[in-house]
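A.B. asks: curious how this folds, go ahead:
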Amino acid sequence: MKLKCQRDEILSGIQAVQSIVSTKGTLPILSNVLLEAVGDELILTTTDLEVGMRTRVKAKVSAKGAITIPAKRLFAILRELPVSEVVMESDGKKEMVIRYDSSYFKVLGLPKDDFPPFPDFQKNRALKIAQAPFADLIRKTHYAVSTDESRYVLNGLYLIFGKGKITGVATDGRRLAHCEMASPVPDGIDRGIIVPSKAVMELGRMLTGTEGDMEIFLGENQVAFNKGDCTLVTRLIEGHFPNYQQVIPQKATIKLQLDRAELLAAVRRVGLLTSEQANSVKLALKKNRIIISSNTPDVGEAREELVISYAGEEVTIAFNPQYMLDALKNLEEKEIALEVTDGLNPGVIRSGKSFLYVIMPIRIA
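C.D. replies: The predicted model follows:
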């Protein structure tokens with residue numbers, strides 16, 4: 001293969017796909033990016049056998065072909081080049097040469113034949129949705145995905161397609177994030193899938209600051225997300241997601257409207273004086289104020305007071321501060337609703353009409 005392309009464009013393409021590559025795998029080729037020169041573009045593909053990503057950049061192709069090259073090494077080389085345009089050529093077997101001005105790099109690689117194939121999907125099963133609200137849904141739920149591998153069905157984001165909306169649910173057993181977006185769902189596509197956490201993180205990066213539409217291709221055990229020149233493919237987690245509706249409190253005796261930024265800042269400051277052994281902040285509801293505090297042996301104590309509209313009985317409840325921060329910092333609304341009943345039952349944070357967050361309390365000694 002032989003092509004000429006803009007350094008910044010291919011650098012951007014490598015940057016988009018390189019986070020997928022495996023650096024600890026037993027197959028060396030999984031650390032490589034597949035480069036394919038076709039037509040007037042260079043196609044870049046990476047995979048770890050579970051998640052794969054493909055993107056396309058413009059190129060002047062004088063000879064088509066393909067080869068795989070270590071992704072992170074290629075990125076490092078391109079990042080340091082002092083020119084705006086490079087020439088790349090390869091015999092498709094074991095090496096690729098990058099030329100610029102009177103200089104060059106010769107990088108060893110592996111042939112395309114050993115690279116895992118990228119899945120194909122039926123176009124008639126594509127679901128077209130708006131990017132912005134879907135990116136919002138991902139941002140508001142991804143942090144609650146469980147990292148406990150013994151409960152594998154919780155190691156992903158549960159996406160439900162149907163009834164004119166897409167619902168995202170994530171839980172680790174101690175908190176649950178739930179978000180909805182309105183979207184037409186064609187007949188026959190109604191279903192729920194569990195997208196692995198690594199794919200969810202990559203999807204969040206892929207959708208940052210984007211407008212317009214995107215496509216979702218649903219397969220039997222795989223799903224693909226396509227945005228412009230970039231496509232993310234992942235295997236789905238098999239199994240049944242638990243009945244999350246059971247853990248959502250149906251009613252609360254106390255409902256407060258709070259300034260999100262004020263609460264976020266107060267919890268962040270008070271949380272500085274907690275530890276792994278005593279990782280909780282107390283929220284004490286009193287007349288027209290809420291006192292947020294922590295008292296940690298061998299660390300210290302902190303106290304913040306916020307003025308609120310409240311005239312009910314005094315209630316104290318404790319939460320993991322990081323769980324509160326995860327939700328509050330991923331919201332955009334000026335105000336949030338905090339719903340509690342007492343110090344023993346779950347609390348709920350609501351934002352707008354589409355988001356709710358259930359957080360289990362920590363028992364106060």
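A.B. asks: alpha carbons only for contacts and neighbour counts from here, please
C.D. replies: Noted.
A.B. asks: point out where the protein drops to low pLDDT.
C.D. replies: Residue ranges of the chain with pLDDT under 70: 25, 124, 209-210, 365.
A.B. asks: center of it - which residue?
C.D. replies: Nearest residue to the geometric centre of the chain (CA atoms, centre = their mean): residue 201, 2.7 Å.
A.B. asks: burial of residue 29, as a residue count?
C.D. replies: 25 (other CA atoms under 10 Å).
A.B. asks: from residue 307, how far out is it?
C.D. replies: Distance of residue 29 to residue 307, given as CA to CA, to the nearest Å: 59 Å.
A.B. asks: please name the nearest non-neighbouring residue to the residue nearest to the centre of the chain.
C.D. replies: Closest residue in space to residue 201, ignoring its immediate chain neighbours: residue 142 at 7.3 Å, by CA to CA, 6 or more residues apart in numbering.
A.B. asks: likewise residue 214?
C.D. replies: residue 227 (4.9 Å).
A.B. asks: for that neighbour, what are its contacts?
C.D. replies: Residues counted as contacts of residue 227 (CA atoms under 8 Å, 6 or more residues apart in numbering) are 207, 213-215.
A.B. asks: buried ones among those?
C.D. replies: Buried members of the contacts of residue 227, counted by 16 or more other CA atoms under 10 Å: 207, 214-215.
A.B. asks: which of the residues you listed sits closest to residue 269?
C.D. replies: Nearest to residue 269 among these, counting by CA to CA, is residue 207 at 30.7 Å.
A.B. asks: need the phi and psi values for the closest residue to the closest one other than its chain neighbours.
C.D. replies: Residue nearest to residue 207 in three dimensions, not counting chain neighbours: residue 135, with 5.7 Å by CA to CA, 6+ apart. Backbone geometry at residue 135, expressed as degrees, to the nearest 10, gives phi -60, psi -40.
A.B. asks: distance of residue 135 from residue 85?
C.D. replies: Plainly put, residue 135 is 33 Å away from residue 85 if you go by CA to CA.
A.B. asks: correct me if wrong: the residue nearest to the centre of the chain contacts residue 143.
C.D. replies: No - the criterion here is CA atoms under 8 Å, and residue 201 misses it with residue 143 at 9.2 Å.
A.B. asks: please name the residues that touch the residue nearest to residue 207.
C.D. replies: Residues in contact with residue 135 (CA under 8 Å, 6+ apart) are 204, 207-208.
A.B. asks: so residue 255 lies in a helix, does it not?
C.D. replies: No - using DSSP: H, G, I helix; E, B strand; the rest coil, the secondary structure at residue 255 is strand, not a helix.
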